[in-house]
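# I would like the atomic coordinates for the input below:
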Amino acid sequence: MKRLISYIAITLLVSIFALSNMSPTVLAQKQLPTRSSLLIWTSRDSGSAEQKRSVSGKSTPFIVHEFSLPEAASGAFSIAIGPDKNLWFTESDGNRIGRITPKGIITEFPLQNANSFPYSIVTGSDGNLWFTEYNGNKIGRITPQGMLAEFTLATANSNPYGITAGPDGNLWFAESNNNRIGRITPNGTITEFVLPSVNSFPTFIISGPGNKLWFTEGSANKIGSITTHGTITTFKLPAPGSDPYAIVTGPDGNLWFTEYTSNRIGYIV
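Numbers count the residues shown, from 1 in each chain. Sure thing, here's the model as predicted:
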């Protein structure tokens, strides 16, 4: 199997791969459903400003709308489109999950435990929102109606980071401090897959080509993929210490990623 890694600044063609079949650890988690309390509603546009943008050398106006969150220093972080056509977001510092309608009506749902630091959020195939709790060491699920369930990871301080909906109908996530890729079914059964490189610091994960999940390994300086059955392949980046971070599937079908330290954008074919 060969993959080509290219850069925008400097084009490098490489064919590096390592294949590893890892045995998963299956963890059956108990679902803990609760109804999150509604904190506050607001329907006021707290700020609008006409700006200018340049299109083909011509300056054209556009409007920016902003809506203040009810609580100060909430640390709004990730955002996703929900199955209810609203926008759902994490409040990492506020320890809440938020929902905002296209008209700006905000609803907030507090998490059960303090300082959970909700991080990434995504819509699952089951029609619910799923999110990681970086400090809480949990994967959370919230329905569009606000019913919350949380599932604790087996290893303490795993620090779950990115999460994505997989092609198999499950949710896949990266355990940044536990060197694992995790999978959770809609009913809450967790499976973990150990990565070949020690302390690789996996962060973001996305569904990509070949019905695989693709992820970054910042400390290992690699891009990795995992099949829905748990077969892991990794691709070493040419420049040492690049620290790959975010990753996304591009419209060209390639995997595009950021390199935090090396000041580059790369893609893998």
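# Tell me if I'm right that residue 237 and residue 222 touch.
Yes - counting by C-beta atoms under 8 Å, residue 237 touches residue 222, with 6.6 Å between them. Bear in mind the C-beta positions are built from the backbone N, C-alpha and C, glycine included.
# of those two, who's got more company?
A count of neighbours by other C-beta atoms under 10 Å puts residue 237 above the other of residue 237 and residue 222, at 26 against 23.
# Span of stretch 88-104 from start to end?
12 Å (C-alpha to C-alpha, to the nearest Å).
# let's number from 58 now, not from 1
With the count now opening at 58, the last piece we talked about shows up as stretch 145-161.
# and it, average pLDDT?
Mean per-residue pLDDT for stretch 145-161: 97.
# Give the buried residues for that stretch.
Residues 145-157 are the ones in stretch 145-161 that count as buried (16 or more other C-beta atoms under 10 Å).
# Now the common contact residues for residue 294 and residue 279.
Taking C-beta atoms under 8 Å, 6 or more residues apart in numbering as the contact rule, residue 294 and residue 279 both touch residue 301.
# Phi first, then psi, for residue 121.
Phi and psi for residue 121, reported as degrees, to the nearest 10, are phi -110, psi 130.
# Tell me how many other residues crowd it.
Neighbourhood size, residue 121 [other C-beta under 10 Å]: 9.
# ok, now residue 116?
By other C-beta under 10 Å, the residues close to residue 116 number 8.
# Give me the next element, helix or strand, following the helix or strand that contains it.
Applying DSSP states H and E as the criterion places residue 116 in strand 115-123. Later in the chain than strand 115-123, the nearest helix or strand by DSSP H and E is strand 133-138.
# what's in contact with that next one?
126, 144-149, 155, 175-180, 186, 188.
# Redo the buried residues of stretch 145-161 as a markdown table? Include distance to residue 221 and secondary structure.
Formatted as a markdown table, these follow (distance: C-beta to C-beta, whole Å; DSSP: H, G, I helix; E, B strand; the rest coil):
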| residue | distance to residue 221 | secondary structure |
| --- | --- | --- |
| 145 | 15 | strand |
| 146 | 16 | strand |
| 147 | 15 | strand |
| 148 | 20 | strand |
| 149 | 18 | coil |
| 150 | 23 | coil |
| 151 | 24 | coil |
| 152 | 23 | coil |
| 153 | 22 | strand |
| 154 | 17 | strand |
| 155 | 20 | strand |
| 156 | 20 | strand |
| 157 | 22 | strand |
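# which among these gets closest to residue 202?
Checking the buried residues of stretch 145-161 against residue 202 by C-beta to C-beta gives residue 156 as the nearest, at 10.3 Å.
# and the closest residue to that closest one other than its chain neighbours, what helix or strand is that in?
Sequence neighbours aside, residue 164 is the residue nearest to residue 156 in space, at 4.6 Å (criterion: C-beta to C-beta, 6 or more residues apart in numbering). Using DSSP H and E, residue 164 sits within strand 163-167.
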